[in-house]
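S.K.: Fold the following.
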Amino acid sequence: MIGMTIEQVATCVDGTISTEPADSLVTSIATDNRTISGGELFVAIAGERVDGNRFAQAALDAGAVAVLTADPAAACATGAAPERVIAVDDPIVALGRLAHEQAHIVRKCGAENFQVIGVTGSVGKTTTKDLLAHLLGQRGPIIAPPGSFNNELGMPLTVLRADESTSTLVLEMGADHIGNLAYLTGIVAPDVSVVLAVARAHLGEFGGIENVARAKSELVEGTREGGVVVLNYDDERVRDMAKLAPGKVVYFSASGACRDGVWASDVTLNKTGQASFILHYGQSESRVELKLIGAHHVANALAAATVALVCGIELDDCARLLTEANAGSPHRMDVWERNGTTIIDDSYNANPDSMKAGLTALAHLGTHRRKIAVLGTMLELGEESEAEHAHIGELVAQLGIDTLIAVGPGLSPTILTARQGGVEVHETLNVAEATQLLTGLLAEGDVVLLKGSNGSGVWRLADALKENDR
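M.R.: This next block holds a predicted model:
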């Protein structure tokens, strides 16, 4: 963040201070008082479980210079001095306004080659973002969010990490309602926008896959005038977004169906499920051997390569960097060994398409080995939930998965169809019970997939297994 006085921050966010503001410089942002080291604006958010206002004075004691809040009385009640409390109607909206202003300042005063990259899609956002951070680091200092900071709170926090030295700002942009991406691109319009896929995620909120496509298309419409839009040619709904682009469109294609852009040929999987392929762009080509597990990562790698090529990285460098890249965020196709067993941890989130990709990777990696799928429910599927969960059970059987451990409620259709397909099924009430069952079942040589929506808590099972290994 480029430093601003408390008064400048208040003006930017349409906030008020009840007395003469303290003469201090805000140089970063914090939403957790435990992370403060000095110079932060503490954003006090009143959540369902924790009210950040309770920690206003603790944040100032730790080194924060001001508090941003919708409840100044509650903040001051902790002892926070009024000259350090900025009152706003909505701290998250205010944070977006501050991020918008900071992005403008960085464009004006920052690195000459500064570019903003926006990434969206029903699947693959975080992996693609991590790959982009690895590739575009060649251009100079880069800011990319940790994990999935992709909503109206997380994305502005990422923007506010940029300063005068930043050459590339990579933003992951998520949506669970129409209008989300229009809001995010209103904060900062990307120079290069990437749409990966339109899949069956958040169907309950969107009301159908066509509305998912409409929501994702807002990133295309929100691209900076004259910017570049990178689209997945293999997804018809994504491909059709080209007509909305305010500038150049560049396609990528894992199938090789479109050779007017960036595409792959000779895609193969090794015995550990890692893909290799020939990367093509124009008349040039170079071989890529991914460390990431699963054929679905070819499309993510192509998307990242396309952006890097648009930003001036050479094809051979793209191929080399993709080959070097490791999984960058936790619980996303993270593979490790535990007492002779192989754990595939893809437990951060799940929808029908990512569940299929994870199960397919398990089947490939587990050839001639016992394959165990530990699955939590796929949330937010609305009226499609029962049918989609039933299909996953059928897929478990079709892929030859030996054992299914169902974690928590919502999986009855999966359990039924998996059992009908001859799969050994264990039902557990919660993550703790599933953890105990799995550890008792595991034998040397097994391959295990951990997968479920974030709310199912399967990621806690992954953490428990890792903790027990220490």
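S.K.: Domains in this structure, by residue range?
M.R.: Domains of the chain are assigned by automatic domain parsing as 4-89, 94-324, 334-469.
S.K.: Mean pLDDT and mean neighbour count added to the ones you listed, as JSON lines?
M.R.: Backbone N, C-alpha and C define where each C-beta goes, glycine included. Output for these, formatted as JSON lines (pLDDT from 0 to 100; neighbours: other CB atoms under 10 Å):
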{"stretch": "domain 4-89", "mean pLDDT": "96", "mean neighbour count": "19"}
{"stretch": "domain 94-324", "mean pLDDT": "94", "mean neighbour count": "21"}
{"stretch": "domain 334-469", "mean pLDDT": "95", "mean neighbour count": "20"}
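S.K.: Figure out the length between the terminal residues of stretch 307-316.
M.R.: Chord length of stretch 307-316, first to last residue, is 14 Å (CA to CA, to the nearest Å).
S.K.: ok, then the element right after the strand or helix carrying residue 413?
M.R.: If you go by DSSP states H and E, residue 413 is part of helix 412-420. Per DSSP H and E, the first helix or strand lying C-terminal to helix 412-420 is strand 424-428.
S.K.: and the angle for that next one with helix 412-420?
M.R.: Relative orientation of strand 424-428 versus helix 412-420 (axes from the mean of the first three to the mean of the last three CA atoms, to 10 degrees): 150 degrees.
S.K.: Packing partners of the helix or strand just after strand 424-428?
M.R.: Per DSSP H and E, strand 424-428 leads on to helix 431-441 as the next helix or strand towards the C-terminus. For helix 431-441, the elements it packs on are strand 371-376, strand 403-407, strand 424-428, helix 458-469, judged by 3 or more CB pairs under 8 Å, 6 or more residues apart in numbering; DSSP states H and E.
S.K.: and with 10 Å instead?
M.R.: strand 371-376, strand 403-407, strand 424-428, strand 447-451, helix 458-469 (3 or more CB pairs under 10 Å, 6 or more residues apart in numbering; DSSP states H and E).
S.K.: Nearest to residue 330, out of these?
M.R.: Nearest to residue 330 among the helices and strands packed on helix 431-441 is helix 458-469; the distance by CB to CB comes to 8.0 Å.
S.K.: from the chain's centre, how far out does that closest one sit?
M.R.: 21 Å (CA atoms, centre = their mean, to the nearest Å).
S.K.: now stretch 116-136
M.R.: Relative to its chain's centre, stretch 116-136 lies at 8 Å (CA atoms, centre = their mean).
S.K.: All the strands of the stretch 201-350 of the chain, in order from the start?
M.R.: Taking DSSP state E, counting those that start in this stretch to define them, one finds strands in the stretch 201-350 of the chain at 228-232, 248-253, 261-269, 274-281, 284-293, 334-338, 341-345.
S.K.: and the first one, what other elements does it pack with?
M.R.: Counting contacts by 3+ CB pairs under 10 Å, 6+ apart, strand 228-232 packs against strand 115-120, strand 192-195, helix 209-221, helix 236-239, strand 248-253, strand 261-269, helix 297-310.
S.K.: repeat that for 6 Å
M.R.: With contacts taken as 3 or more CB pairs under 6 Å, 6 or more residues apart in numbering; DSSP states H and E, strand 228-232 sits against strand 192-195, strand 248-253, helix 297-310.
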